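Asker: sequence and predicted model, in that order:
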Amino acid sequence: MNDPKRKDFGDQEKEFFSAFRPHLERSLAMYARLQRNQLEKHTLEEALDRLNIGTFILDGEGKVIEANSIAQDIARRSSCVSRITDRIVLSNSKADARFKRFVSEAIGRREKGHTDPFVDVLRTQSPAGSHLDMLVRSVVKSDRYRSDVSPSVIVYMRDSGQERLAPERIMAQLFGLTPSEAVLASLLAVGFTLAQAAEKLEVTESSPRMYAKRIFAKTGVSRQVDLVRLILKNVVSLA
């Protein structure tokens, strides 16, 4: 709307705004689409974070252009992998050579325009005993975007040494556990024995054993392996 103190728009100005309107509408639509894509991207990243899966996105030269928070944490803490000058490097030389070959094959398959992506997996182990599982997958090429800096390869990672504890508050609400029982259930879910849990909690082994009986009764399971499955299925991935 024109300023009330000024003259009304003339025919020439109205003609300009009429011609400009489609461009403005297109720009607003593009902005809304970009915002929606960003929201979808954030939602998907959050879902992978909740599943404790690290994700690196590589360009056509194998360089990291984006990584979710789990991937960044794995690269900082794991003895199996690191990020050096925007490249993923595995500490085991044989595994590193194999990984680089997978990335090269994934990029090559993408460049050739195959509709079915390259997919392969590998596992590397640290001297401490923890292992890192990795899946390398090519991104299907789009005819609209042909650039070496476009997303070309996705690398999914999961570090066995960085297991995620289930949130005690959610477990307590779902299964009717007391705070002490929820803490113990969280430790059992990531592989602690009763003796190890007692040591971590700085109590005698009889206390965790008593809590474990109550936990099994309330959750309806009789073995630790079943408790792990139950918690991973119902708590960890949704927490």
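Answerer: Good, I have the coordinates.

Asker: Val155: which element?
Answerer: Using DSSP states H and E, the element containing Val155 is strand 153-159.

Asker: apologies, that question was intended for Leu184.
Answerer: helix 179-189.

Asker: quick one on the thing from earlier: what does the strand holding Val155 contact?
Answerer: 52-58, 62, 70-71, 74, 77-78, 80-81, 88, 103, 106-107, 110, 130-139 (C-beta atoms under 8 Å, 6 or more residues apart in numbering). The C-beta positions use only the backbone N, C-alpha and C, and glycine is treated the same way.

Asker: CA atoms of stretch 177-191 as PDB?
Answerer: Provided in PDB are the C-alpha atoms of stretch 177-191 (Å, rounded to 0.1, in the frame of the first residue of the first chain):
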ATOM      1  CA  LEU A 177      10.100 -48.800  38.200                       C
ATOM      2  CA  THR A 178      11.600 -46.900  41.200                       C
ATOM      3  CA  PRO A 179      14.500 -44.500  40.500                       C
ATOM      4  CA  SER A 180      17.000 -47.100  41.800                       C
ATOM      5  CA  GLU A 181      15.500 -49.900  39.700                       C
ATOM      6  CA  ALA A 182      15.500 -47.600  36.600                       C
ATOM      7  CA  VAL A 183      19.200 -46.900  37.000                       C
ATOM      8  CA  LEU A 184      20.000 -50.500  37.300                       C
ATOM      9  CA  ALA A 185      17.800 -51.400  34.300                       C
ATOM     10  CA  SER A 186      19.700 -48.800  32.200                       C
ATOM     11  CA  LEU A 187      23.000 -50.400  33.100                       C
ATOM     12  CA  LEU A 188      21.800 -53.900  32.400                       C
ATOM     13  CA  ALA A 189      20.500 -52.700  29.000                       C
ATOM     14  CA  VAL A 190      24.100 -51.800  27.800                       C
ATOM     15  CA  GLY A 191      25.600 -55.100  29.000                       C
END
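
Asker: begin at 4, not 1, for the rest of this chat.
Answerer: I'll keep to 4 as the first residue from here, and by that count the last item is stretch 180-194.

Asker: count of neighbours near Asn71?
Answerer: 19 (other C-beta atoms under 10 Å).

Asker: that one is in contact with Thr58, isn't it?
Answerer: Yes: Asn71 lies in contact with Thr58 (C-beta atoms under 8 Å); the separation is 4.7 Å.

Asker: picking up where we left off before, centre of the chain to the strand holding Val158, how far?
Answerer: 9 Å (C-alpha atoms, centre = their mean, to the nearest Å).

Asker: quick check: the gap between the nearest residue to Gln227 once chain neighbours are set aside and Arg212.
Answerer: Spatially, and ignoring its direct neighbours in sequence, Gln227 is nearest to Leu191 (5.6 Å; C-beta to C-beta, 6 or more residues apart in numbering). Leu191 sits 12 Å away from Arg212 when distances are taken as C-beta to C-beta, to the nearest Å.

Asker: the more surrounded of those two?
Answerer: Between Leu191 and Arg212, counted using other C-beta under 10 Å, the more crowded position is Leu191 (23 against 14).

Asker: wait, what's in contact with that one?
Answerer: Residues counted as contacts of Leu191 (C-beta under 8 Å, 6+ apart) are Leu197, Ala200, Ala215, Ile218, Gln227, Leu230, Val231.
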